[in-house]
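**Student:** Could you work out the structure for the sequence below:
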Amino acid sequence: MSLDTFTKLVNDHTIEFVDFRFTDTLGTLHHITFDISAVNKSALTDGIMFDGSSIKGWKQIHESDMRLVPDLSTAMVDPFTSHPTLNLICDVFCPETNNHYYKDPRSIAKKTLEYLKTSKIADTAYFGPEAEFFLFDDVTFKCGQYHSFFDLNSSENPDKCAAHIEGGNMGHRPRMKGGYFPTQPVDHYHDIRSEMTRVMKSMGITTEKHHHEVAPAQQELGFAFDTMLKAADKLQYLKYIVKNIAAAYGKTATFMPKPVGQDNGSGMHCHQSLWQGKKPLFRGDKYANLSDTALYYIGGILKHARALNAFTNPTTNSYKRLIPGFEAPIVRAYSAKNRSAACRIPSVSNLDTSRVEVRFPDPSANPYLAFSAMVMAGFDGIKNKIHPGDPKDENLYNLTRDELKKLPHLSTSLRESLEALESNQAFLLAGDVFSKDMLQAYINLKMSEVEQLETSPHPVEFDLYYSV
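**Tutor:** Numbering: from 1, shown residues only. Below you'll find the model as predicted:
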């Protein structure tokens, strides 16, 4: 977007404020808002200063000055503000060097794409993430030295069938694992999802579908695939839209992978493919109409999956989803159509759209880091011709515990994935995309979450052990 086009957008929508936004290491979206009178050419081209020491895991206070440089192509009119506001997604720069900040997730995504282009093998990576989430009517929780609990309430909770509700209990709600595709009135959230989809469309995000997911109160919205960086930008906007529309309806939305025990968690299946110009590199004549390039890409993903988990499944809660029996893959395998494998090859009517669907990521992931790490792993597979071996076409969910033990697994905890990342990171360092300092800082940041959980008593432990 040129400055003239930006000015026209401001005038057409009578914009009063401009919101400069960026994403931190953990995937949290931050913003600072400027009056339109203060947004001059310098602010749009050279950027604005902010305090980097206030962002967790970034700068120390004696080196805190950082610069936000907006990407004008990301400009979107905010549909939720009372005063007309234009949102801009920014990259983070170090003012003393005028270089991208090495811990800025969006800058890392850009370096991934630059590395891809310099390889001469591919110039574009396409991503189609499918982020699931839960909608609740009310949530309360507390974690303290003497008092810890959480309480989730939704009109769809199965236990509400026995509740006395003012105006009558209509009884229509999904049962455990019974929420996939029911119509209204069992599906309580159709209109809310439609509104979310409508707002996404109004912000220029091409939408495809929405539907109820397997668990009560679980939802999914779908938007069209895009280039890796744009898909990550759109996913950040999707989360923003979902949370704000939920609030407007008096609900609360969470992308936490496993908020409800004993039922399905929320995944973020990531469809991905590589192209060189107009040539689809994953189309071929091998297994499931894939090319050798696609198979090697899968080989890289599976080889590095345990380290990838640190980015694709970056919370302690993520591994409460990655367990047998709940439609989340735990085996490092690939297969056509089979949803129980870590990598699935979807059926396609047009072979140019051949792709791999990586099924183990979840929506707590920072999309810039997770997408970048997967591309780097897949690209390592292509460079080193890492074949994924034979496909696993059987139902992996039905294997016995002994049979499962014989197969290669994903990480089973955040600690395990961080330890895998610590010992297997050369594929991320290629082309200086990630840096050792960034990876160590990330490991330290996430390990503090591991230690907090590991050293805190859990309510289940009281249930199991209080009277021993």
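**Student:** Please make it C-alpha for all contacts and neighbour counts, starting now.
**Tutor:** Noted.
**Student:** ok, which stretches of the stretch 351-468 of the chain are helices?
**Tutor:** 367-383, 401-405, 414-423, 426-429, 436-454, 459-465 (DSSP state H, counting those that start in this stretch).
**Student:** okay, those, which one's buried deepest?
**Tutor:** helix 367-383 (a mean of 26; mean count of other C-alpha atoms under 10 Å).
**Student:** Identify the residues contacting it?
**Tutor:** 27, 105-106, 108-109, 112, 125, 127, 228-229, 232, 235-236, 293-294, 296-301, 304, 308, 311-312, 387, 427-428 (C-alpha atoms under 8 Å, 6 or more residues apart in numbering).
**Student:** Which members of these occur in strands, if any?
**Tutor:** 125, 127 (DSSP state E).
**Student:** Worst mean pLDDT among the helices of the stretch 351-468 of the chain?
**Tutor:** If you rank the helices of the stretch 351-468 of the chain by mean pLDDT, helix 401-405 sits at the bottom with a mean of 82.
**Student:** Which residues does that one contact?
**Tutor:** Counting by C-alpha under 8 Å, 6+ apart, residue 331 sit against helix 401-405.
**Student:** And for stretch 241-254?
**Tutor:** 80, 133-139, 192, 195-196, 199-200.
**Student:** could you dump the helices of the stretch 351-468 of the chain to CSV with distance to residue 327?
**Tutor:** Below are the helices of the stretch 351-468 of the chain laid out as CSV (distance: least, C-alpha to C-alpha, whole Å):
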stretch, distance to residue 327
helix 367-383, 21
helix 401-405, 15
helix 414-423, 19
helix 426-429, 29
helix 436-454, 25
helix 459-465, 24
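**Student:** Which one, of those, ends up nearest to residue 213?
**Tutor:** Taking C-alpha to C-alpha, helix 367-383 is the member of those nearest to residue 213, at 21.3 Å.
**Student:** what about that closest one, distance to the chain center?
**Tutor:** 14 Å (C-alpha atoms, centre = their mean, to the nearest Å).
**Student:** what's the answer for stretch 312-326, then?
**Tutor:** Counting by C-alpha atoms, centre = their mean, stretch 312-326 comes out at 14 Å from the chain centroid.
**Student:** Could you pull up the residues touching residue 431?
**Tutor:** residue 115 are the contacts of residue 431 under C-alpha under 8 Å, 6+ apart.
**Student:** any idea how far it lies from residue 368?
**Tutor:** 17 Å (C-alpha to C-alpha, to the nearest Å).
**Student:** Where is the longest helix in the chain?
**Tutor:** helix 228-248 (DSSP state H).
**Student:** Pull out the buried positions in that one.
**Tutor:** 228-239, 241-246 (16 or more other C-alpha atoms under 10 Å).
**Student:** Which stretches in the stretch 151-300 of the chain count as helices?
**Tutor:** So, for the stretch 151-300 of the chain - with DSSP H, counting those that start in this stretch - the helices run 190-202, 228-248, 292-303.
**Student:** now for the first one, which elements pack on it?
**Tutor:** In this case it means helix 190-202. When contacts are defined as 3 or more C-alpha pairs under 8 Å, 6 or more residues apart in numbering; DSSP states H and E, helix 190-202 packs onto strand 207-212, strand 218-223, helix 228-248.
**Student:** swap in the shortest one?
**Tutor:** Here helix 292-303 is seen to pack against helix 367-383 when contacts are counted using 3+ C-alpha pairs under 8 Å, 6+ apart.
**Student:** And residue 266, how close does it get to residue 429?
**Tutor:** Residue 266 is 30 Å from residue 429, by C-alpha to C-alpha.
**Student:** Correction: the previous question concerned residue 326.
**Tutor:** For residue 326, the distance to residue 429 - C-alpha to C-alpha - is 34 Å.
**Student:** swap in residue 298?
**Tutor:** Distance from residue 298 to residue 429, by C-alpha to C-alpha: 19 Å.
**Student:** And residue 56, its phi and psi?
**Tutor:** phi -60, psi 130 (degrees, to the nearest 10).
**Student:** Please look at residue 24 and residue 31 and confirm they touch.
**Tutor:** No: the pair residue 24 and residue 31 fails to qualify as a contact (C-alpha atoms under 8 Å) at a distance of 10.8 Å.
**Student:** between the helices of the stretch 151-300 of the chain, which one is nearest to residue 394?
**Tutor:** helix 292-303 (17.7 Å).
**Student:** tell me the domain boundaries of this structure?
**Tutor:** Domain assignment of the chain by automatic domain parsing yields the ranges 3-101, 124-465.
**Student:** which one of these is the most hemmed in?
**Tutor:** Buried most deeply of these, by mean count of other C-alpha under 10 Å, is domain 124-465, with a mean of 19.
**Student:** chain center to it, what's the gap?
**Tutor:** On C-alpha atoms, centre = their mean, the centre of domain 124-465 falls 7 Å from the chain's centre.
**Student:** ok, and the closest non-adjacent residue to residue 347?
**Tutor:** In this structure, residue 347 finds its nearest non-sequential neighbour in residue 337, 6.5 Å apart by C-alpha to C-alpha, 6 or more residues apart in numbering.
**Student:** can you check residue 90 too?
**Tutor:** Nearest to residue 90 is residue 70, by C-alpha to C-alpha, 6+ apart, at 4.0 Å.
**Student:** swap in residue 436?
**Tutor:** residue 429 (7.2 Å).
**Student:** That neighbour and residue 24, how far apart?
**Tutor:** Residue 429 is 20 Å from residue 24, by C-alpha to C-alpha.
**Student:** Residue 439 too?
**Tutor:** Residue 439 is 14 Å from residue 24, by C-alpha to C-alpha.
**Student:** Next: residue 38.
**Tutor:** 25 Å.
**Student:** pLDDT score assigned to residue 62?
**Tutor:** So, for residue 62, pLDDT stands at 66.
**Student:** Quick one: mean pLDDT over stretch 3-16.
**Tutor:** Across stretch 3-16, the average pLDDT comes to 94.
**Student:** which residues sit against it?
**Tutor:** 35, 36, 41, 72, 83, 84, 85, 86.
**Student:** Need phi/psi at the fifth one.
**Tutor:** In this case it means residue 83. phi -110, psi 140.
**Student:** Residue 238 touches residue 199, doesn't it?
**Tutor:** No: taking contacts as C-alpha under 8 Å, residue 238 lies outside contact range of residue 199: 9.5 Å.
**Student:** re earlier: closest to residue 116 out of the domains of the chain?
**Tutor:** Per C-alpha to C-alpha, nearest to residue 116 of the domains of the chain: domain 124-465, 7.5 Å.
**Student:** Please enumerate the strands of the stretch 251-400 of the chain.
**Tutor:** 252-254, 268-276, 279-280, 334-336, 343-345, 356-358 (DSSP state E, counting those that start in this stretch).
**Student:** Give me the residues contacting the second one.
**Tutor:** With contact meaning C-alpha under 8 Å, 6+ apart, strand 268-276 is reached by 121-132, 280-282, 294, 354-363.
**Student:** That strand pairs with which strands, parallel or anti?
**Tutor:** strand 124-136 (antiparallel), strand 279-280 (antiparallel), strand 356-358 (antiparallel) (DSSP bridges).
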